[in-house]
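Asks: Predicted coordinates and the sequence they were generated for:
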Amino acid sequence: MRSPIASASVVTLIASVLAASGAVHAPPAAPPKDERMGWWRDARFGMFIHFGLYSTPAGTWDGKSVGGVGEWLLQNAKVDPIAYERTLVPQFNPSKFDAREWARIAKDAGMGYVVITTKHHDGFALWDSAASDYDVMATPFRRDIMKELSDAVNAEGMRMCWYHSIMDWHHPDYQPRREWDTRPVDPSSFPRYVDYMHAQLRELLTKYGDIGILWFDGEWEGTWNHDWGKKTDDFVRSLQPSIIVNNRVDSGRAGMEGFSADEHARGDYGTPEQTIPPNGMPGKDWETCMTMNDTWGYKASDMNWKSAQTMIRMLCDIASKGGNFLLNVGPKGDGTIPEESVARLKRMGEWMRVNGEAIRGTTASPFTKKFPWGRVTMRSLKGEWKDATRLYLHVFDWPADGTLRLEGISNDAWGARVLGTGDRTPAARQDGGAIVVTGLGAAPVDADCTVVRLDLKGTPQVTPFSVTPAADGSVACMAADAIVTGSIQYEDRFANLGWWRDMASTASWPIAVPAAGTFDATIDYAASAECGGTGEWQVRVDGKTVASGTVELRGRGGWGDFATVPLGRVALPGGKSEFLVKAARKAGDSFINLRRIDLRPAK
Ligand code: FHN
């Protein structure tokens, strides 16, 4: 417990003397990335914990409710950082905190790692820090939460991981200041702040055993840049060479979803937040972090809880795209996890105990198309059994006839079984370029998601999906079959493409027709009154636009008020082509919700 500035310069001095004396040995080389990422790719599912001073007021300040997420209280209530400290440090006393209970809840939910806020943007340290007086030892609680939790998480066989905010609203050397913070600013202070942050990171990476991930955050303000990110990434890895570091150690992250455009940007994986990339992030490691309600830090008024079914299906969807799911809990000021979170995690754990093999250690679906009934994950059985592949069919909408047909795969099948029951004897066969699974039973085993295990001979031989004409020659481009870019997300609500916010977003469908033809196109869309705009459609062959047109799509009665309107006459070439739609103009912050596009042979 030291004053932040004094200890930072002492630390810097010691480090330079050690380095000059050669007493500091070169750190061991980091293992190859695939080796470091192995446990993480296997786990697929982790717990995020946002806990700190903000958990006590739970979204209020001065007795008034404060808008926004609970952990942004200082910012959203525009509180002076020193007043924030003086008010909340004496109140912080999570007397019911039980690290073993938190770890048990995560373990029983089927989670493989736990990421906790060691320090969030308010700058408060949840451990006994020698670099700062603004830490848990200054509170009535006076226990090292990070020590207790790391011991409990490791005892459950899970990986302990640290969230650490680069942005620090409290430290006098961090810039930029909050605009209501009247403390004097020393323009040259930011390097001192980085030394301080490194001093605290050194504590976190040398006092608590092996750490699985350093989950950086708050990297978006202008004072942070690639140089600081590179230095910090190197520093962290010098202390724990096997550690995983997320992409927020570096600046330049593309929005909340993406990677930095800079190919030299540091970080082992992408961190889409509150969203699931529609097509995953092919070829990259990524993890969606998500709240169970709408806040990361506890907020007593936030009762907008997602159902356990929704989160089980999110887990399946994310795994089917090759990602990890980091699901958040925001413990209360008394140290307990909200009952609503506990109940949902209990249900997810029941599902994982039966179906965990369909999530852990799996890779993305081999299909380029989403099936309307659910999702697919897979694992190779090479070396375990035969040259075979195991597919897991995550069935959300159970087929009443007990049959599933997987189009576009030419493998022979070894067989199938339904997880969670031994009393069904499904059969699987190759049928003209599709695999048909019959005898699944008339009802699901688990209404939230029932998993069918399907074993194939060899590695998947999948025909890339194309939309093909129906018997009447019409071509139906459904939302679920679209390949989307940008902010667009598929929404189950109306089986539509939504969140069409950025102008770069596109929706496209690979089409295959036996012969060239002319079609009358229609679009089925909805939009709130102030949205809509001008749509542009393109027919593309080998990436080149061979036909295009525009259509005015006026705002309607709301995001569920769909109408089918003409798009115009479209000529398709014979064979393969791509039909693409984008916004040429947006009238409001979102463009449209798109349900389907139909191409009917011109009369
Ligand atoms: O500002 C933080 C927020 O409080 C929360 O910690 C999330 C979790 O990923 N990260 C930042 C917002 O992107």
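Replies: Perfect, thanks for sending it.

Asks: Next, the contact list for the residue nearest the centre of the chain, please.
Replies: By CA atoms, centre = their mean, the chain has its centre lying nearest to Thr288, at 0.6 Å. By CB atoms under 8 Å, 6 or more residues apart in numbering, Thr288 lies in contact with 272-277, 314, 318, 323-326. (Glycine included, C-beta is placed from N, CA and C.)

Asks: what do you get for Phe494?
Replies: Contact analysis of Phe494 by CB under 8 Å, 6+ apart lists 526, 559-560, 562, 593, 595.

Asks: okay if I get these as JSON lines plus secondary structure, distance to Val436 and pLDDT?
Replies: JSON lines is the format used below for the contacts of Phe494 (DSSP: H, G, I helix; E, B strand; the rest coil; distance: CB to CB, whole Å; pLDDT from 0 to 100):
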{"residue": "Ala526", "secondary structure": "strand", "distance to Val436": "35", "pLDDT": "97"}
{"residue": "Trp559", "secondary structure": "strand", "distance to Val436": "37", "pLDDT": "95"}
{"residue": "Gly560", "secondary structure": "strand", "distance to Val436": "35", "pLDDT": "95"}
{"residue": "Phe562", "secondary structure": "strand", "distance to Val436": "33", "pLDDT": "97"}
{"residue": "Asn593", "secondary structure": "strand", "distance to Val436": "33", "pLDDT": "97"}
{"residue": "Arg595", "secondary structure": "strand", "distance to Val436": "28", "pLDDT": "97"}
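
Asks: Looking at the residues you listed, which two lie furthest apart in space?
Replies: Trp559 and Arg595 (11.1 Å; CB to CB).

Asks: what residues are shared contacts of those two?
Replies: 494, 526.

Asks: When these two are compared, which one has more neighbours?
Replies: A direct count of neighbours by other CB atoms under 10 Å for Trp559 and Arg595 places Arg595 higher, at 21 against 18.

Asks: what about the more buried one, distance to the ligand?
Replies: 31 Å (CB to the nearest ligand atom, to the nearest Å).

Asks: isn't that residue right up against Thr522?
Replies: No - Arg595 lies out of contact with Thr522 (CB atoms under 8 Å); the separation is 11.0 Å.

Asks: Output stretch 76-85 as PDB, nothing but the C-alphas.
Replies: Extracted in PDB, the C-alpha atoms of stretch 76-85 (Å, rounded to 0.1, in the frame of the first residue of the first chain):
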ATOM      1  CA  ASN A  76     -22.100   8.500 -15.500                       C
ATOM      2  CA  ALA A  77     -22.700  10.400 -12.300                       C
ATOM      3  CA  LYS A  78     -19.700  12.700 -13.000                       C
ATOM      4  CA  VAL A  79     -18.200  12.100  -9.600                       C
ATOM      5  CA  ASP A  80     -14.900  13.700  -8.600                       C
ATOM      6  CA  PRO A  81     -12.500  10.700  -8.400                       C
ATOM      7  CA  ILE A  82     -11.300  11.600  -4.900                       C
ATOM      8  CA  ALA A  83     -14.800  12.000  -3.700                       C
ATOM      9  CA  TYR A  84     -15.600   8.600  -5.200                       C
ATOM     10  CA  GLU A  85     -12.700   7.100  -3.300                       C
END
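
Asks: who are the neighbours of the strand or helix carrying Ala103, in terms of helices and strands?
Replies: In the assignment (DSSP states H and E), Ala103 maps to helix 99-108. For helix 99-108, the elements it packs on are strand 45-49, strand 113-119, helix 145-155, helix 339-355, judged by 3 or more CB pairs under 8 Å, 6 or more residues apart in numbering; DSSP states H and E.

Asks: Give me the contact list for the third one.
Replies: In other words, helix 145-155. 51, 94, 97, 99-100, 102-103, 106, 114, 116, 118, 126-128, 136, 159-160, 162, 204, 207-209.

Asks: One more: the first one?
Replies: Counting contacts by CB under 8 Å, 6+ apart, the residues outside strand 45-49 that touch it are 102, 105-106, 109-117, 161, 163, 287, 289, 296, 315, 324-331, 352, 359-360.
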